[in-house]
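Asker: Need a 3D model of the sequence below.
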Amino acid sequence: MNAQAADASQLRPMRQTDIDAVIAIEQRAYEFPWTAGIFRDCLRIGHQCWVFEARAGIIGYGVLSCAAGEAHVLNVCVAPEHQGHGHGRRLLRRLIDLARWHMSDRVFLEVRPSNPNAIALYNDEGFNEIGRRPNYYPAAKGREDAIVMAMELLAPESQWPPKL
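Answerer: As a prediction, this is how the structure comes out:
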């Protein structure tokens, strides 16, 4: 029996019918959550929207935008009660794989400086800080900057050197 079968978890594309469960997590995890309309729009325009489903139901999700050779992680979230078990890492890796599938050269994301666990995960997975966006996020006392991070995606070895 493999690990995926043992824990009965899976990553799968998000459906419209998942939005209520996703919003419930979003509202528990963030002080300034996305709205259901934002998730519906992400699905409608074709962003890569995925959920992490376990026996307990949907426990996390991720949203990736791909265009013009670049990808942007728009949202990665795991329900607070399920954090710290590698689910966020698994979601992030899925989004990176999807960026590669879409032939993106790099992946970008923003993260709050007040979120050290996310920053550590992104650093551990190969993202590097490339800048800051001042006053990017709403915060309880005004606004909070965003750390902008990026990861360069290399062609798989089977495609190296690239064919000209």
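Asker: Past the helix or strand of the chain with the lowest mean pLDDT, which element shows up next along the chain?
Answerer: Considering only helices and strands, the least confidently modelled element of the chain by mean pLDDT, DSSP states H and E is helix 3-7, at a mean of 50. Once helix 3-7 ends, the next helix or strand along the chain (criterion: DSSP states H and E) is strand 10-13.
Asker: Output the below-cut-off pLDDT ranges for the chain.
Answerer: Within the chain, the stretches with pLDDT under 70 are 1-7, 155-164.
Asker: quick one, strands of it?
Answerer: In the chain, the segments counted as strands under DSSP state E are 10-13, 48-54, 57-67, 70-78, 106-111, 128-139, 142-152.
Asker: Tell me the buried residues in the third one?
Answerer: The one in question is strand 57-67. Neighbour counts over strand 57-67 (16 or more other CB atoms under 10 Å) mark 58-66 as buried. (C-beta placed from N, C-alpha, C; glycine too.)
Asker: Pull out the C-alpha coordinates of that strand and format them as CSV.
Answerer: The C-alpha trace of strand 57-67 is given here as CSV (Å, rounded to 0.1, in the frame of the first residue of the first chain):
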residue,chain,number,x,y,z
GLY,A,57,-12.8,16.6,3.2
ILE,A,58,-11.1,19.5,1.6
ILE,A,59,-8.2,20.7,3.8
GLY,A,60,-6.3,22.9,1.5
TYR,A,61,-6.1,24.5,-1.9
GLY,A,62,-3.9,26.4,-4.3
VAL,A,63,-4.3,28.8,-7.2
LEU,A,64,-1.8,29.3,-10.0
SER,A,65,-1.9,31.7,-12.9
CYS,A,66,0.2,30.9,-16.0
ALA,A,67,0.8,33.3,-18.9
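Asker: Tell me the gap between it and the middle of its chain.
Answerer: Per CA atoms, centre = their mean, to the nearest Å, the displacement of strand 57-67 from the mean C-alpha position of its chain is 5 Å.
Asker: Identify the farthest-apart pair in the buried residues of strand 57-67.
Answerer: Pairwise distances across the buried residues of strand 57-67 peak at 24.4 Å for 59 and 66 (criterion: CB to CB).
Asker: just checking, what packs against whichever helix in the chain runs longest?
Answerer: In the chain, assigned by DSSP state H, the helix with the most residues is helix 87-101. Helix 87-101 makes packing contacts with strand 10-13, strand 48-54, strand 57-67, strand 70-78, strand 106-111, helix 116-124 when contacts are defined by 3 or more CB pairs under 8 Å, 6 or more residues apart in numbering; DSSP states H and E.
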